[in-house]
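Q: What follows is a protein structure lacking sequence information:
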């Protein structure tokens, strides 16, 4: 069965919402992002997510398996754009490693702080430590390793012993992910200026 206009066949909606142009799964993710970051993950029910997305709770399971799938997808969405950028920067050795590392830091902060919801704050949830979120941890680990490789390619990083390189990477990566807390205290701060200042600070931590 199908409908005209090429729209995806789905379950009936509980209530009409203003047309966002989003597919039902994307609407659920957007609703989950809002509720998880304002009400809290544990306090948000699947019914609340479904209602915020304008559909019945039973209809929600036509698109996702539940809250954990939504959370996993939201978490990975905070890493994938930065990882894509990191892979390109790592492969492009025409620019100095110091410059490429700075660009990665700036880009990562823009991704973490540039959206309408503070999704980076979800990293701290105890639920995220479980095996269900292995996909998120895998892409995050690859991103962190790219930071390490770019740092090692700099003059300052190349002079470090392995243990010191690992420590500097931990500190640098920790600063970038920690900006979510600083940004939350002043969400009106221009993200571009904040991202550049953080990238400058990150390189100073790296010894550059």
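A: Ah, there it is. Because the structure is predicted, anything quoted here is derived from the model rather than measured.
Q: which non-adjacent residue is nearest the spatially most central residue of the chain?
A: Nearest residue to the geometric centre of the chain (CA atoms, centre = their mean): residue 78, 1.1 Å. Nearest non-adjacent residue to residue 78, counting by CB to CB, 6 or more residues apart in numbering: residue 119, 5.0 Å away. To be clear about C-beta, it is placed using only N, CA and C from the backbone, and glycine gets the same treatment.
Q: just checking, that neighbour touches residue 33?
A: Yes - with contact defined as CB atoms under 8 Å, residue 119 reaches residue 33; the gap is 6.1 Å.
Q: Now do the shared contacts for those two.
A: residue 74 (CB atoms under 8 Å, 6 or more residues apart in numbering).
Q: tell me the domain ranges of this protein?
A: For the chain, automatic domain parsing gives the domain ranges 13-74, 78-205.
Q: would you turn these into CSV with mean pLDDT?
A: CSV is the format used below for the domains of the chain (pLDDT from 0 to 100):
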stretch, mean pLDDT
domain 13-74, 88
domain 78-205, 93
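Q: on that earlier part again, contacting residues around the residue nearest to residue 78?
A: Here residue 119 is in contact with 33, 37, 74-75, 77-78, 112 (CB under 8 Å, 6+ apart).
Q: what's the spacing between it and residue 111?
A: Note on residue 119: its distance to residue 111, by CB to CB, to the nearest Å, is 9 Å.
Q: what do you get for residue 102?
A: Taken as CB to CB, the spacing of residue 102 relative to residue 111 amounts to 15 Å.
Q: With residue 58 instead?
A: Applying CB to CB to residue 58 and residue 111 gives a distance of 34 Å.
Q: Those two: who's more crowded?
A: Using other CB atoms under 10 Å as the criterion, residue 58 and residue 111 rank with residue 111 on top: 22 against 13.
Q: Contact partners for that one?
A: So residue 111 contacts 78, 81-82 (CB under 8 Å, 6+ apart).
Q: mind running it again at 6 Å?
A: By CB atoms under 6 Å, 6 or more residues apart in numbering, residue 111 lies in contact with 81-82.
Q: Kindly indicate whether it is helix, strand or coil.
A: helix (DSSP: H, G, I helix; E, B strand; the rest coil).
Q: Could you report the neighbour count for the closest residue to residue 100 other than its chain neighbours?
A: Computed as CB to CB, 6+ apart, the closest residue to residue 100 that is not its neighbour in sequence is residue 89, at 4.3 Å. Using other CB under 10 Å, residue 89 is surrounded by 21 other residues.
Q: hey, where'd the helices end up in the chain?
A: 24-38, 46-52, 57-60, 67-77, 80-91, 97-114, 134-153, 155-158, 162-185, 191-205 (DSSP state H).
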